[in-house]
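Enquirer: My questions concern the predicted model and sequence given below.
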Amino acid sequence: MKRIKHLVFLILLVSFGAQAQVNVGENIQLKFHGYVAHEVIFDTYRSLDSRDGELYYYPLKAVFDDNGVDINKKSKLNMIEVQSRFGMQVKGPDVLGAKATGLLEADFYGTNQSYVRMLRVRHAYVNLNWGKHELLAGSTFHPAFVQDCFPSTVSFAAGVPFHPLNRSPQLRYTFRPVPNFKVSASFLIHGYHRSSGPTEAQKNSGKPDSQLNVQFGDGKNVAIGLVAGYKWLTPRDVTNSGLETSETIGSYNVQAYLKYKLPFLSVKLEGMYGENLTNFVMIGGYGIKGVAGEVDENGDYSYANMRTMSAWADFETSTKLQLGLFAGYTSNLGSKDDYIVIPTYNRNDDLHYVYRLSPRLVYKVSNLSFGLEWSYVTAVYGREFDSKRKVTSDLDPVSNNHIIFQTKYSF
């Protein structure tokens, strides 16, 4: 039944899409958009990834057989189209003195590896704009994913795990007191981009992820800004001995970004620091606060965050044959407290650092584009750690050549 509904929806979308923009009722317009993307992906070393390789992270830790051969040193080839998407923008009559718009967009990416190639909602929101004041309600990019400043990589997810990726249900208020300056406050509940650990931990805290974004510039040519936020997680309702608990952990994120567009070159820079950034598809996480076996008489314990830093730069020419370069670095910095690992509460808290260098070529002809990107990605895992999970000695680096050739047709 679901497949029939999906097919009917696609048929209606194609029918309307042929007209690009459709008037529906009085003063209501629908504008359709999307693209079809085919990718050939080749890797020379087994890596952590998802969605059949569409979402790429970094090389796995080396695993040696009895002869000392690294069994992860294997090549992999895949072809995939799951990021292909479609959507519609809705523009209606003014409401409460505000210009009312909406966006509904979906792709075939799925909400996790188990549901890859199934429809997933990317954006679903309504926006009310009074000029200086703006209110958004619905699911869209997290404020940490700055839409005016993100990497233009050929590979999906715009530089994960160096750049945050998150879409969440939210309420966002934006104030523009003067041209080229805005302040926004957002309150979010994590959807399918959750922190590692129990899936309901953020909801169970009873508190929203709260974010503040301050930005200077017109956004198109210049964007300079700061983002800061705080979230709460309540991982458990009961202790090890079955008693009620509401032990909660808070964590923060801060970042600064810059975009400057010249006539021939676009430059983007960003740095981020925070605790438990796993809801942004980044490394880190949280664990038990204390030394091994340190719990109270009720079997309860508190939590400690892993700290993570990340920085990236992206350069792209404005020529017809676009030349681009992405460079990123991220590192686990350990916890400020004694830390005990909970295996499912982190994304590779055994990593020390990861770096990536990705040159690319993109050629566009009308609605069609061809992209070629080579990423050299190196991960360094920790061999030994101190009591705060900070790396004190490293394993040998592991590296992968991640190559993508993409054909994309936009409509």
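Expert: Looks like it came in fine.
Enquirer: Without its sequence neighbours, what residue ends up closest to Phe42?
Expert: Excluding its sequence neighbours, the residue lying closest to Phe42 (C-beta to C-beta, 6 or more residues apart in numbering) is Ile403, at 4.6 Å. In short, each C-beta sits where N, CA and C put it, glycine included.
Enquirer: Would you mind confirming that the one you found is in contact with Ile41?
Expert: Yes. If you go by C-beta atoms under 8 Å, Ile403 and Ile41 touch, sitting 7.3 Å apart.
Enquirer: The two: which is more packed in?
Expert: The residue with more neighbours, out of Ile403 and Ile41, is Ile41; 21 against 18, by other C-beta atoms under 10 Å.
Enquirer: Isn't the more buried one up against His402?
Expert: Yes. Applying C-beta under 8 Å, one finds Ile41 in contact with His402, separated by 7.5 Å.
Enquirer: Quick one: low-confidence residue ranges for the stretch 201-350 of the chain.
Expert: 292-295, 297 (pLDDT under 70).
Enquirer: and with 90 instead?
Expert: For the stretch 201-350 of the chain, applying pLDDT under 90 flags the ranges 239-243, 290-300.
Enquirer: Against which helices or strands is the longest strand along the chain packed?
Expert: In the chain, with assignment by DSSP state E, the single longest strand is strand 368-385. Counting contacts by 3 or more C-beta pairs under 8 Å, 6 or more residues apart in numbering; DSSP states H and E, strand 368-385 packs against strand 55-59, strand 321-334, strand 351-365, strand 391-394, strand 398-410.
Enquirer: hey, which of those strands is tucked in deepest?
Expert: Highest mean neighbour count of these: strand 55-59, a mean of 23 (counted as mean count of other C-beta atoms under 10 Å).
Enquirer: which parts of the helix or strand just after that strand are buried?
Expert: Once the chain leaves strand 55-59, the next helix or strand it forms, by DSSP states H and E, is strand 76-80. Residues Ile80 are the ones in strand 76-80 that count as buried (16 or more other C-beta atoms under 10 Å).
Enquirer: CA atoms only for strand 76-80 - export them in CSV, please.
Expert: Presented in CSV, the C-alpha positions along strand 76-80 are these (Å, rounded to 0.1, in the frame of the first residue of the first chain):
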residue,chain,number,x,y,z
LYS,A,76,35.3,-1.3,-2.9
LEU,A,77,33.2,-0.1,-5.8
ASN,A,78,29.6,1.0,-5.8
MET,A,79,27.0,2.9,-7.8
ILE,A,80,24.2,4.6,-6.1
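Enquirer: hang on, isn't Val116 packed against Asn78?
Expert: No. When contacts are counted by C-beta under 8 Å, Val116 is not listed as touching Asn78 (11.7 Å).
Enquirer: tell me the angle the longest strand of the chain makes with strand 321-334.
Expert: Here the directions of strand 368-385 and strand 321-334 differ by 20 degrees (axes from the mean of the first three to the mean of the last three C-alpha atoms, to 10 degrees).
Enquirer: Sheet-wise, list the partners of strand 368-385 with their directions.
Expert: strand 351-365 (antiparallel), strand 391-394 (antiparallel), strand 398-410 (antiparallel) (DSSP bridges).
Enquirer: Take those and lay them out in a markdown table including distance to Gln202 and mean pLDDT.
Expert: Compiled in a markdown table, those are given as follows (distance: least, C-beta to C-beta, whole Å; pLDDT from 0 to 100):
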| stretch | distance to Gln202 | mean pLDDT |
| --- | --- | --- |
| strand 351-365 | 23 | 97 |
| strand 391-394 | 28 | 97 |
| strand 398-410 | 31 | 97 |
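Enquirer: Any idea how far apart the tips of stretch 314-322 sit?
Expert: One end of stretch 314-322 to the other measures 13 Å (C-alpha to C-alpha, to the nearest Å).
Enquirer: Next: stretch 85-105.
Expert: One end of stretch 85-105 to the other measures 7 Å (C-alpha to C-alpha).
Enquirer: try stretch 125-133
Expert: End-to-end span of stretch 125-133 (C-alpha to C-alpha): 17 Å.
Enquirer: Any buried residues in stretch 42-56, and which?
Expert: Those would be 43-51, 53-56, for stretch 42-56 by 16+ other C-beta under 10 Å.
Enquirer: could those go into TSV alongside distance to Leu357 and pLDDT?
Expert: Formatted as TSV, the buried residues of stretch 42-56 follow (distance: C-beta to C-beta, whole Å; pLDDT from 0 to 100):
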residue	distance to Leu357	pLDDT
Asp43	16	98
Thr44	15	98
Tyr45	15	98
Arg46	20	97
Ser47	15	97
Leu48	18	95
Asp49	18	94
Ser50	22	91
Arg51	23	91
Gly53	20	87
Glu54	21	91
Leu55	19	93
Tyr56	14	96
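Enquirer: Output those residues in CSV; the columns should cover distance to Val222 and secondary structure.
Expert: Below are these laid out as CSV (distance: C-beta to C-beta, whole Å; DSSP: H, G, I helix; E, B strand; the rest coil):
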residue, distance to Val222, secondary structure
Asp43, 37, strand
Thr44, 39, coil
Tyr45, 39, coil
Arg46, 41, coil
Ser47, 36, strand
Leu48, 36, strand
Asp49, 35, strand
Ser50, 34, strand
Arg51, 34, helix
Gly53, 36, helix
Glu54, 32, coil
Leu55, 31, strand
Tyr56, 31, strand
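Enquirer: Nearest to Pro177 among those residues?
Expert: The shortest gap between Pro177 and any of the buried residues of stretch 42-56 belongs to Leu55, at 38.6 Å (C-beta to C-beta).
Enquirer: three-state assignment of the nearest residue to that closest one once chain neighbours are set aside?
Expert: Leaving aside its sequence neighbours, Leu55 sits nearest to Ala157 (C-beta to C-beta, 6+ apart; 5.5 Å). Secondary structure state of Ala157, per DSSP: H, G, I helix; E, B strand; the rest coil, is coil.
Enquirer: How many neighbouring residues does Ala157 have?
Expert: 20.
Enquirer: quick one: it and Pro164 touch, right?
Expert: No. Counting by C-beta under 8 Å, Ala157 stays clear of Pro164, with 10.0 Å between them.
Enquirer: Quick check: bridge partners of Leu188?
Expert: Gln170, Asp209.
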